[in-house]
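Colleague: below are the sequence and a predicted model; questions follow.
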Amino acid sequence: MLSIFHRMEPVLSHTLKRLLPVGWRVSRTVVSTNIVNENTAPRPFHEIPEERQILFGNTINAIWNYHRCHEYWLDLHRKHGPIFRQRIGKEHFVCVADPQLVAEVVRNEGKCPSRGVLPLWDEARKDMNELQTIANRQGEYWQCLRRKMNRTMLNSVMVNMSVPDVSKVSKDFIQYLLSKGAKDGYVHLNNEMSKWSLETFGQVFYGRRLGSFTDDRITESKQFIDAVMGFFETTEELMFVPPKVARIFWKKSWKRHLDTSATIFTLGRKYVKDYMKNRTEENKSEVLDDLIFNNEWESEKEMTTAIIELMGGGIDTISNSSLFAIYLLSTHPEIQDKLYDELKRILPEDGKIPYTFLSEAPYLKAVCKEAQRLYPVGTSYTRQMPVDISLNGHHIPKGTYVIVPLYALARMDSIYLDAERFAPERWIRNISGKMEHPPFVYFPFGVGPRMCIGRRFAELDVNILVALLYRNYKTELLQETPLQVKTRLILRASTAVKVRMIPRKSYQRM
Ligand code: HEM
């Protein structure tokens, strides 16, 4: 057993060394302090409480617990308090779960924030002769691409324009689910949600359906969904292994990582090519047209890669986020009823969702936000600090990774009243206009210039699906056993969510 540890130590150290910027050093500038008196001299880094095992800091445990890191970090914060550090390989990661400390990290993330570089993705892209993923790009190389993509992706006009498309796909999806129900009417949602998110992407970005609701056999859409899932799974398996070592000792996973990436690129390229070939005034996508034609792309390859990244990044995240919302609503019939009252009031009888419906749907928005609070698909926010800072009076050198565990924050009674409870009303401002919880504790899409680029589309998609489903149906879970979740790069359900849809009396036309 011990020899395994010895073998892993250089492997892990190497990975983490590669994660660090060249010329890593401790600068003498300290930005500020918080919680602890600002005037006192910063305490040294090593005085931060540390989670460590006898061997290799906390390396083995951190890797061992990665699939449940959302809970693991919560356990560690309960043990050590709002700030602790852990050594993984040769490097220290600081974890903070306190609003003031989080604010300090966010304030100092810089103009081109970084979550670090994942050597696996870097190497795989080189092998495939593909461009670097936006998620792995750094500095101006990242900023330049991000600006181009932001123009369309964070443009509220573009987002609102997709309301009819998302509504249509969501209505079809609901009908599809009804047709999939077993004899007892229950449908296993986990396997179905990605079909909806892929079709939504197809309709909004390519102006057409991709076939997920019509054919269960091996279709391109199924291949794409499986490839995205495989890509996430192999990323998790290999993320702590240096690519050179993975190629030799983790051959199967490495090959699967390259194969799934290749499928994503091959199919993604085909979707974009088909769009360009068949695009007419009638079937064109305003969103994709804006992204393609209103930008100065360095090359066609850069443009296509950007679109493929959006597709890959958007499928599993939106689908799991919606699955969590449906699970929570299914276990809370009283919240479904309250939501139904609002939806019945604001949605017209003809079933058409108005462009501005969200501004009149505070309870719907609160339900979706609350579901994302309890089950954030991105379980943490990570930044590699570009400057020295001080956290809780401790000196944090430039280059250190700071992790804010979003899942853990959501479950702290010191931050949220009755934190574990699904309570959408906590997102409705009270009479004095205040929220009951502090700022800097809720950001399921990240925050700052590097926050999720698909955020606006994602929020709209989830809200529309939930609105159409609960305007017309109640949902019931087959078994009310608590949902189990796992981290597979993103947070996923690890137990089945089987629901039955029961039509409401005042059912709309679909
Ligand atoms: C409910 C759905 C989603 C959630 C909860 C989510 C969450 C996140 C989070 C937490 C980050 C890291 C942000 C940071 O470091 O500050 C991120 C990044 C990213 N997301 Fe999402 N996401 C979702 C949907 C989407 C969609 C629909 C797309 C594409 C259309 C997308 C594309 C991306 C990309 C490309 C990045 C990397 C951005 C960069 O590094 O500049 N995401 N997402």
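Modeller: That came through fine. Residues are numbered from 1 along each chain as shown.

Colleague: going forward, measure contacts between C-alpha atoms and count neighbours the same way
Modeller: Noted.

Colleague: so what's the residue sitting nearest the centre point of the chain up against?
Modeller: In the chain, the centroid-proximal residue (Cα atoms, centre = their mean) is Gly378; its distance is 3.7 Å. Applying Cα atoms under 8 Å, 6 or more residues apart in numbering, one finds that Gly378 lies in contact with Leu406, Pro444, Phe445, Leu489, Ile490, Leu491.

Colleague: up against the ligand, what does the stretch 401-510 of the chain have?
Modeller: Listed as neighbours of the ligand in the stretch 401-510 of the chain under the rule Cα under 6 Å from any ligand atom: Pro444, Phe445, Gly446, Val447, Arg450, Met451, Cys452, Ile453, Gly454, Arg455, Phe457, Ala458.

Colleague: residue numbers of this structure in contact with the ligand?
Modeller: Counting by Cα under 6 Å from any ligand atom, the chain sits next to the ligand at 134-135, 309-311, 313-314, 317-318, 321, 376-378, 381, 444-447, 450-455, 457-458.

Colleague: need the contact list for Arg87.
Modeller: Arg87 is in contact with Glu51, Arg52, Phe56, Gly57, Asn58, Thr59, Phe93, counting by Cα under 8 Å, 6+ apart.

Colleague: ranking the residues you listed by neighbours, who comes first?
Modeller: When neighbours are counted by other Cα atoms under 10 Å, Thr59 leads the contacts of Arg87 with 24 neighbours.

Colleague: my guess is that residue contacts Gly89. True?
Modeller: Yes. With contact defined as Cα atoms under 8 Å, Thr59 counts as touching Gly89 (5.7 Å).

Colleague: buried ones among the contacts of Gly378?
Modeller: Leu406, Pro444, Phe445, Leu489, Ile490, Leu491 (16 or more other Cα atoms under 10 Å).

Colleague: which among those residues gets closest to the ligand?
Modeller: Nearest to the ligand among those: Phe445, at 3.9 Å, using Cα to the nearest ligand atom.

Colleague: and for the closest one, nearest residue in space, chain neighbours not counted?
Modeller: Leaving aside its sequence neighbours, Phe445 sits nearest to Cys452 (Cα to Cα, 6 or more residues apart in numbering; 5.2 Å).

Colleague: what about the one you found, which helix or strand?
Modeller: Per DSSP states H and E: Cys452 is located in neither a helix nor a strand.

Colleague: pull out the buried residues from the lengthiest helix in the chain.
Modeller: In the chain, taking DSSP state H as the definition, the longest helix is helix 300-330. Under the neighbour-count criterion of 16+ other Cα under 10 Å, helix 300-330 has 303-330 buried.

Colleague: so, low pLDDT: which residues of the chain?
Modeller: 1-39, 55, 215-218, 431-435, 507-510 (pLDDT under 70).

Colleague: mind checking the SS state of the residue in the stretch 101-250 of the chain positioned nearest to the ligand?
Modeller: Using Cα to the nearest ligand atom, the closest approach of the stretch 101-250 of the chain to the ligand is made by Ala135 at 3.7 Å. Following DSSP: H, G, I helix; E, B strand; the rest coil, we place Ala135 in the helix state.

Colleague: next: Arg151.
Modeller: helix.

Colleague: how about it, what does it touch?
Modeller: So Arg151 contacts Leu291 (Cα under 8 Å, 6+ apart).

Colleague: any idea how far it is from Arg450?
Modeller: Going from Arg151 to Arg450 by Cα to Cα, to the nearest Å gives 14 Å.

Colleague: can you check Glu140 too?
Modeller: 13 Å.

Colleague: please verify my assumption that Phe201 contacts Met311.
Modeller: Yes. Between Phe201 and Met311 there is a contact under Cα under 8 Å: 6.9 Å.

Colleague: which residues are contacting stretch 407-422?
Modeller: Stretch 407-422 is contacted from outside by 70-71, 73-74, 97, 328, 370-371, 373-376, 379-380, 436-438, 441-442, using Cα under 8 Å, 6+ apart.

Colleague: ends of that stretch, how far apart?
Modeller: From the first residue to the last, stretch 407-422 extends over 14 Å; the measure is Cα to Cα.

Colleague: how about it: buried residues?
Modeller: Result for stretch 407-422 [16+ other Cα under 10 Å]: buried residues Tyr407, Ala408, Leu409, Ala410, Arg411, Met412, Ile415, Tyr416, Ala419, Phe422.

Colleague: what's downstream of whatever helix or strand the third one lives in, the next helix or strand?
Modeller: In other words, Leu409. Per DSSP H and E: Leu409 is located in helix 406-410. Sequence order places helix 455-472 as the next helix or strand after helix 406-410, per DSSP H and E.

Colleague: domain ranges for this structure?
Modeller: Per automatic domain parsing, the structural domains of the chain span 1-114+383-442, 128-378+444-510.

Colleague: can I get those in JSON lines including distance to Leu120?
Modeller: Listed next are the domains of the chain as JSON lines, based on distance: least, Cα to Cα, whole Å:
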{"stretch": "domain 1-114+383-442", "distance to Leu120": "9"}
{"stretch": "domain 128-378+444-510", "distance to Leu120": "6"}
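
Colleague: Trp121: which of those is closest?
Modeller: Closest approach to Trp121 among these (Cα to Cα): domain 128-378+444-510, 7.4 Å.

Colleague: so how far is that closest one from its chain's centroid?
Modeller: 10 Å (Cα atoms, centre = their mean, to the nearest Å).

Colleague: just the helices in the stretch 101-250 of the chain please.
Modeller: Using DSSP state H, counting those that start in this stretch, the helices of the stretch 101-250 of the chain run over residues 119-127, 139-153, 156-161, 163-180, 193-201, 220-238, 243-249.

Colleague: go through the ones you listed and pick out the most buried.
Modeller: Compared across these, helix 193-201 shows the largest average neighbour count, a mean of 25 (mean count of other Cα atoms under 10 Å).

Colleague: which residues does it contact?
Modeller: Helix 193-201 has contacts (Cα under 8 Å, 6+ apart) with 165-166, 169-170, 173, 209-213, 221-222, 225, 311, 314-316, 318-320, 322-323, 461.

Colleague: for the residue of the stretch 251-400 of the chain found nearest the ligand, which non-adjacent residue is spatially closest?
Modeller: Closest to the ligand within the stretch 251-400 of the chain is Gly314: 3.4 Å, counting by Cα to the nearest ligand atom. If the residues on either side of it in the chain are set aside, Gly314 comes closest to Gly454, at 7.0 Å by Cα to Cα, 6+ apart.

Colleague: give me the neighbour count for that neighbour.
Modeller: Neighbours around Gly454, by other Cα under 10 Å: 20.

Colleague: that one and Arg504, how far apart?
Modeller: 32 Å.

Colleague: next: Leu343.
Modeller: For Leu343, the distance to Arg504 - Cα to Cα - is 12 Å.

Colleague: give me the common contacts of those two.
Modeller: In contact with both Leu343 and Arg504: Arg471, using Cα under 8 Å, 6+ apart.

Colleague: contact partners of stretch 471-485?
Modeller: Outside stretch 471-485, the residues touching it (Cα under 8 Å, 6+ apart) are 68, 186, 326-327, 329-331, 333, 336, 339-340, 343-344, 491-504, 506-508.

Colleague: for it, buried residues please.
Modeller: Judged by neighbour count (16+ other Cα under 10 Å), stretch 471-485 contains these buried residues: Arg471, Asn472, Tyr473, Lys474, Thr475, Glu476, Leu477, Leu478, Val485.

Colleague: if I look at Met501, how far off is the ligand?
Modeller: Separation of Met501 from the ligand (Cα to the nearest ligand atom, to the nearest Å): 23 Å.

Colleague: right, I'll leave it there.
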